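Visitor: coordinates only, sequence not included:
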């Protein structure tokens, strides 16, 4: 018998290599990115819808909280005696806590000035106090974000940083502005306005707030506002993806967020659009928690927001208090801008390092955080009783 031929490996089936695959029929592997791109665009559209809905609900929640707190603010006004610049500073500071916003308190200060209840220096210090207290809403929002399961350090630290940054800029601005006004180095600036400014968001949100306020009792608006705030966070969480690399995944656009000037202009622009520093600063909480914006990059954003927040107060001052009230607000805005630009141009790195280290020191310990909050409450209360 002849030996059997050696075994040869089986040849591949022809159809396995000649039969066109679905990928090949659709144009080869190049067709895959198009399908992925279509999917990506659908995801982007969904996230954009969640972001818009979350932002509108977020602003609605803040307005409901402010409307519910306004009743308590009126009661506070009724029995407190404000007779000095220091007490006006503490009053504006404390009232911003009650209103959970600085703009209504600044408007109250301008109305008091127009009616002759307080003088120009008291108006100036009361507006300063309103801005010092307005940053508290960021801490409040961060605390609510912490209740939803996020790390306390990431949620609360941006609120502490907002308070520290605002104080670091506004306190020297207070001293400069007080000197300029008391020494009468600044004359009355003539200007006029026909109607108050309204942001695009206000045009959408205000009618809804008015309807809800008519239906519900005033005290319940605080509860509804807090629930709406939690709902807004849920929508924003779905809009903002978890980004392992933080800003790195955003490419060149993300690199812009590392530049202090860009963040400064971004904070100024967003606050100019919303006309509310409470809204623009509170937006930092979910963005920093998700890694989109780092805390050190948020510092110039806060500085820019604290300047353009005066835009609506400037117009309100013209309408209610005339050129004299406008001058007071403009002096404060220019003093804040002066020290902000000074820090940004000349010694930004040491300025940022000191504030960030102080913020980290406060947040890293629960007793220190409680002590910091106690100081933020006790200081305006003590100023209320000062009569000079």
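Guide: Now that the structure is in, tell me what you want to look at. Values in this document were obtained by computation on a predicted structure and should not be read as measured data.
Visitor: hey, let's count contacts and neighbours off CA atoms from now on
Guide: Fine.
Visitor: buried ones in the helix or strand where residue 175 lies?
Guide: Using DSSP states H and E, residue 175 maps to helix 152-182. Residues 152-171, 173-174, 176-178, 180-181 are the ones in helix 152-182 that count as buried (16 or more other C-alpha atoms under 10 Å).
Visitor: Which helix or which strand is home to residue 340?
Guide: In the assignment (DSSP H and E), residue 340 maps to helix 311-346.
Visitor: That helix: what's the following helix or strand?
Guide: That would be, after helix 311-346 and using DSSP H and E, helix 348-363.
Visitor: from the chain's centre, how far out does stretch 222-238 sit?
Guide: How far stretch 222-238 lies from its chain's middle: 15 Å, per C-alpha atoms, centre = their mean, to the nearest Å.
Visitor: which residues touch it?
Guide: By C-alpha atoms under 8 Å, 6 or more residues apart in numbering, the surrounding residues in contact with stretch 222-238 are 47, 50-51, 53-55, 57-58, 60-66, 68-69, 144-145, 286.
Visitor: Quick one: mean pLDDT for it?
Guide: The average pLDDT within stretch 222-238 is 73.
Visitor: again, but for stretch 294-314
Guide: Throughout stretch 294-314, pLDDT has a mean value of 85.
Visitor: Now find how far off-centre it is within its chain.
Guide: Offset of stretch 294-314 from its chain centre (C-alpha atoms, centre = their mean): 8 Å.
Visitor: just stretch 321-330 next, same as before
Guide: Mean-position distance between stretch 321-330 and its chain equals 26 Å (C-alpha atoms, centre = their mean).
Visitor: Below-threshold pLDDT in the stretch 51-200 of the chain: ranges please.
Guide: The stretch 51-200 of the chain contains residues with pLDDT under 70 at 62, 66, 69-79, 145-155, 186-200.
Visitor: re the thing from before, which helices and strands sit right next to the helix holding residue 340?
Guide: For helix 311-346, the helices and strands in contact under the criterion 3 or more C-alpha pairs under 8 Å, 6 or more residues apart in numbering; DSSP states H and E are helix 103-115, helix 120-134, helix 152-182, helix 260-274, helix 295-308.
Visitor: Kindly recompute the last result at 10 Å.
Guide: With contacts taken as 3 or more C-alpha pairs under 10 Å, 6 or more residues apart in numbering; DSSP states H and E, helix 311-346 sits against helix 103-115, helix 120-134, helix 152-182, helix 260-274, helix 295-308, helix 348-363.
Visitor: what angle separates it from helix 295-308?
Guide: 130 degrees (axes from the mean of the first three to the mean of the last three C-alpha atoms, to 10 degrees).
Visitor: Could you list the buried residues of helix 311-346?
Guide: 311-333, 335-341, 343-344.
Visitor: next one: stretch 368-382
Guide: So for stretch 368-382, counting by 16+ other C-alpha under 10 Å, buried means 369, 376-377, 380-381.
Visitor: which residues touch the residue nearest the centre of the chain?
Guide: For the chain, the residue nearest the mean C-alpha position is residue 281 (1.1 Å; C-alpha atoms, centre = their mean). Residues near residue 281 by C-alpha atoms under 10 Å, 6 or more residues apart in numbering: 134-135, 137-139, 141, 158-159, 162, 267, 270-271, 298, 301-302, 305-306.
Visitor: burial count for residue 367?
Guide: 11 (other C-alpha atoms under 10 Å).
Visitor: Secondary structure element holding it?
Guide: Going by DSSP H and E, residue 367 is part of helix 366-384.
Visitor: could you give the angle of that helix to helix 152-182?
Guide: Per the same axes, to 10 degrees, the angle that helix 366-384 makes with helix 152-182 is 20 degrees.
Visitor: Check what contacts helix 366-384 and list those residues.
Guide: Residues outside helix 366-384 that contact it (C-alpha under 10 Å, 6+ apart): 80-95, 97, 129, 132-133, 136, 139, 156-157, 160, 163, 359, 361-363, 365.
Visitor: Now with 7 Å, please.
Guide: Identification of contacts with helix 366-384 by C-alpha atoms under 7 Å, 6 or more residues apart in numbering yields 86-87, 89-91, 93-94, 362-363.
Visitor: I'd like to check the angle between it and helix 120-134, please.
Guide: Using the same axes, to 10 degrees: helix 366-384 against helix 120-134 is 160 degrees.
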